[in-house]
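Chemist: Let's see this in three dimensions:
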Amino acid sequence: MHDVIISGGGPVGLFLGALLRQSGVDVLVLEKRAERSNHSRAIGIHPPSLAALEGIGAAAPLIGQGVKIHSGMARTRGRDLAGLSFAAGRSAYPFVLAVPQTVTESVLEERLGANGSDVLLRGAQVLHAYDDGRQVTVSARVRRPEPERHIGQDRSIGQDRSIGPDWRIWPARGSGQVDEANAEFSARLLVGADGARSGLRSQLGIGTYSRDYPDTYLMGDFQDNTGDDATAVLHLEPGGIVESFPLPDGIRRWVVHTDALCGQPNAGSLTELIRARTGTLVDPDTNSMLSAFTVRSGLARQFIRGRVALIGDAAHEISPIGGQGMNLGWLDAAALAPIITAALDGKPSASALRTFERSRQRAARQAVRQAHLNMALGRPLPRAALAIRNRTLAQLIAAPAVHDFVARRFTMQ
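Modeler: Sure, this is the predicted structure:
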């Protein structure tokens with residue numbers, strides 16, 4: 001019997017696990033990926049998230065491996081249009097930190113393990129959860145790290161620390177393999193941090209308010225030859241926005257609004273789009289990551305159901321344009337962790353959970369609105385209309401009060 005099981009060992013699940021472990025909570029994190037992904041999707045860590053990550057000792061190592069983006073610049077036709085200083089907020093972190101998600105997950109996993117071994121079980125896909133009102137029983141399919149070792153029917157694993165203590169394991173039905181087995185785990189509480197396609201949310205029958213957007217993008221990482229150093233740049237062009245963000249080791253991420261989803265993206269087509277719209281020559285041979293994606297938003301109708309809570313993308317899917325999704329999930333976790341520890345200590349939690357659900361849904365709706373504005377800013381416009389829009393934007397940003405408001409919104413402050 002664990003105190004808490006977390007379904008999902010991505011950045012949000014790892015962070016919540018680390019928060020709870022350092023408070024002495026017995027946590028088990030189940031992650032279906034056998035290995036950490038090497039695909040760096042989310043890269044931006046905003047000031048409120050850095051403050052939250054400081055609570056588990058993760059902010060400093062992440063800052064040491066990232067790039068501090070102190071400012072952003074909007075450009076059109078090679079001309080600087082308006083600048084934003086991210087020091088406009090009141091945070092102790094007057095910047096957005098750019099760090100690959102692979103690095104972020106590595107640091108968070110290290111912080112999780114610093115407060116106890118065998119907290120994270122990889123290769124464990126949650127299949128079903130049953131809440132009987134007193135505890136939650138979770139069944140999962142587990143990939144064993146030692147496939148040559150046979151496990152018999154209902155045989156106790158005992159102290160086999162490669163899998164964990166006292167877990168009931170038996171061969172997966174019809175699998176015919178000894179390296180995959182079904183397992184049962186129990187906990188007083190269960191948290192779903194298993195992503196936008198949350199199997200746990202679906203199993204609980206929790207519906208979502210969702211919306212598909214017409215916007216499509218092509219994204220890739222290349223060696224940086226722009227001379228923009230640690231500045232984020234938004235190129236507002238008639239054909240659609242081109243964004244670029246600095247990354248460690250002299251890399252720059254480019255995100256381009258496209259007319260349609262690229263079925264078979266390649267580095268050459270992306271660099272040609274960048275050149276045609278901005279005049280910037282990017283070497284396609286230096287490409288290290290490439291992805292084409294569509295955009296949707298979703299908001300779970302409930303974040304709390306009995307002894308189960310949803311956080312992160314399982315609770316709210318946000319457009320990646322603006323880099324809010326991962327950060328929003330961390331702030332969910334930071335708000336939920338003290339409620340969990342209080343509840344485990346026997347303190348009343350119903351009112352706090354209702355407040356958590358309302359406040360986090362409100363934050364998600366605001367993030368959706370911000371992402372909607374970000375995408376609208378990047379859609380194609382006729383040249384004449386774009387020129388009028390850009391002049392108006394520059395005049396507004398020149399006003400200190402507007403500048404500070406926009407900077408705070410972009411950095412989630």
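
Chemist: Just list the residues touching Ser359, thanks.
Modeler: Ala335 (CB atoms under 8 Å, 6 or more residues apart in numbering). Every residue, glycine included, has its C-beta placed from N, CA and C.

Chemist: my read is it is in a helix, agree?
Modeler: Yes - using DSSP: H, G, I helix; E, B strand; the rest coil, the assignment for Ser359 is a helix.

Chemist: And it, how close does it get to Arg391?
Modeler: Separation of Ser359 from Arg391 (CB to CB, to the nearest Å): 38 Å.

Chemist: what's the domain layout of this structure?
Modeler: Annotated domains of the chain cover 2-43+103-207+301-371, 68-98+211-296+377-410 [automatic domain parsing].

Chemist: want to throw those domains into CSV with mean pLDDT and distance to Ile56?
Modeler: Formatted as CSV, the domains of the chain follow (pLDDT from 0 to 100; distance: least, CB to CB, whole Å):
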stretch, mean pLDDT, distance to Ile56
domain 2-43+103-207+301-371, 85, 4
domain 68-98+211-296+377-410, 94, 15
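
Chemist: Could you say which of these is packed most deeply?
Modeler: Of all the domains of the chain, domain 2-43+103-207+301-371 has the most neighbours on average by mean count of other CB atoms under 10 Å, namely a mean of 19.

Chemist: helices or strands up against the helix or strand where Ala342 lies?
Modeler: Here Ala342 is covered by helix 325-344, with elements defined by DSSP states H and E. With contacts taken as 3 or more CB pairs under 8 Å, 6 or more residues apart in numbering; DSSP states H and E, helix 325-344 sits against strand 2-7, helix 11-21, strand 44-45, helix 47-54, strand 180-192, strand 316-317, helix 350-377.

Chemist: That helix vs helix 11-21, what angle?
Modeler: For helix 325-344 against helix 11-21, the angle by axes from the mean of the first three to the mean of the last three CA atoms, to 10 degrees is 30 degrees.

Chemist: what's the angle from helix 325-344 to strand 180-192?
Modeler: 80 degrees.

Chemist: now helix 325-344 and helix 47-54, what's the angle there?
Modeler: Between helix 325-344 and helix 47-54, the angle comes out at 50 degrees (the same axes, to 10 degrees).

Chemist: List the contacts of Ala342.
Modeler: 349, 352.

Chemist: sorry, back to before: out of the helices and strands packed on helix 325-344, the one nearest Pro400 is which?
Modeler: helix 47-54 (19.3 Å; CB to CB).

Chemist: picking that back up, now tabulate the helices and strands packed on helix 325-344 in JSON lines and tack on distance to Ser288.
Modeler: Formatted as JSON lines, the helices and strands packed on helix 325-344 follow (distance: least, CB to CB, whole Å):
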{"stretch": "strand 2-7", "distance to Ser288": "31"}
{"stretch": "helix 11-21", "distance to Ser288": "20"}
{"stretch": "strand 44-45", "distance to Ser288": "18"}
{"stretch": "helix 47-54", "distance to Ser288": "25"}
{"stretch": "strand 180-192", "distance to Ser288": "32"}
{"stretch": "strand 316-317", "distance to Ser288": "26"}
{"stretch": "helix 350-377", "distance to Ser288": "25"}
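
Chemist: Of these, which is nearest Leu127?
Modeler: Leu127 lies closest to strand 180-192 among the helices and strands packed on helix 325-344, at 7.7 Å (CB to CB).

Chemist: now for the closest one, which elements pack on it?
Modeler: Under the contact definition 3+ CB pairs under 8 Å, 6+ apart, strand 180-192 sits against strand 2-7, strand 27-31, strand 124-131, strand 136-143, strand 168-171, helix 199-204, strand 308-310, helix 325-344.
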